[in-house]
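Novice: Sequence and predicted structure below; questions after.
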Amino acid sequence: MAKPKAKLLLYNFLLRIRPVLRWVIKLRSSPKAIAGGLALGTFVAFTPTYGVQIFLVVFLATILGLNRPAALIPVWITNPVTIAPIYTFNYWLGSFIYDGPPLSQVSKLFLDIAVKLTKLDFWDIRHQIVEFFIVGKDIIIPLTIGCCFIGGVSAIFTYFVSLKFLEFFLKRRKKKKFL
């Protein structure tokens, strides 16, 4: 019984992201550059660089020769609604390596920051950055450690899955043109 339910959930998920998948497939670049862009965007999305992520991703993708539009997609993972749970989990993970304040205190702080960020204008980048630097090094260090670990693992996974996905669909498209 579990397998048909899992297949149905996967099918529904793929139907919902179908427009994004079609857009990614149509990007003009090599599958490696697109997958690299997606991986870079995923890594940066999990780092505590909220407010400058878009600029950082475009800059790094340009320097590394990766697809810039593909790199921008995953950056939207972190937004004022998702940063509190994502950064709390990353802090928790990083606190195993570098001890910091109690998780409950940090979680409340991230929730307060998220509420403040929802009230800021999108282009008010200075205030977005300031919100994260007021937390102090006792929180920033474990947060950065956890973010880099989760971002790295997620980026590697994203790269290989998206590369296989792109190669499969591009090969399929090429076959259809020859038939």
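Specialist: In hand now; what should we look at?

Novice: can you map out the helices along this protein?
Specialist: Assigned by DSSP state H, the helices in the chain fall at 2-16, 18-25, 31-45, 53-64, 68-72, 83-94, 103-119, 125-133, 137-178.

Novice: Now do the same contact list for residue 160.
Specialist: By C-beta atoms under 8 Å, 6 or more residues apart in numbering, the residues touching residue 160 are residue 35. Quick note: C-beta positions are derived from backbone N, CA and C, even for glycine.

Novice: Against residue 108, how distant is it?
Specialist: In this structure, residue 160 and residue 108 are 37 Å apart, going by C-beta to C-beta, to the nearest Å.

Novice: and if you look at residue 74?
Specialist: Taken as C-beta to C-beta, the span from residue 74 to residue 108 is 27 Å.

Novice: which residues are in contact with stretch 98-109?
Specialist: With contact meaning C-beta under 8 Å, 6+ apart, stretch 98-109 is reached by 84, 88, 91, 92, 94, 95, 135, 138, 139, 141, 142, 145.

Novice: doesn't residue 143 make contact with residue 89?
Specialist: No. The criterion here is C-beta atoms under 8 Å, and residue 89 misses it with residue 143 at 10.2 Å.

Novice: So which of these two has more stuff around it?
Specialist: residue 143 (26 against 16; other C-beta atoms under 10 Å).

Novice: quick one: low-confidence parts of this structure?
Specialist: Along the chain, the parts satisfying pLDDT under 70 run over 1-3, 10-11, 13-15, 17-18, 20-23, 25-26, 120-133, 177-179.

Novice: let's see it at 50
Specialist: 1 (pLDDT under 50).

Novice: Tell me which of residue 74 and residue 108 has more neighbours.
Specialist: residue 74 (24 against 13).

Novice: I'd like to know how far the closest residue to that one other than its chain neighbours sits from residue 70.
Specialist: In space, residue 74 comes closest to residue 41 once its chain neighbours are excluded; the distance is 3.6 Å by C-beta to C-beta, 6 or more residues apart in numbering. To residue 70, residue 41 is 7 Å away according to C-beta to C-beta.

Novice: likewise residue 37?
Specialist: 3 Å.

Novice: just checking, residue 80 touches residue 114?
Specialist: Yes. Because the distance of 5.1 Å satisfies C-beta under 8 Å, residue 80 is recorded as touching residue 114.
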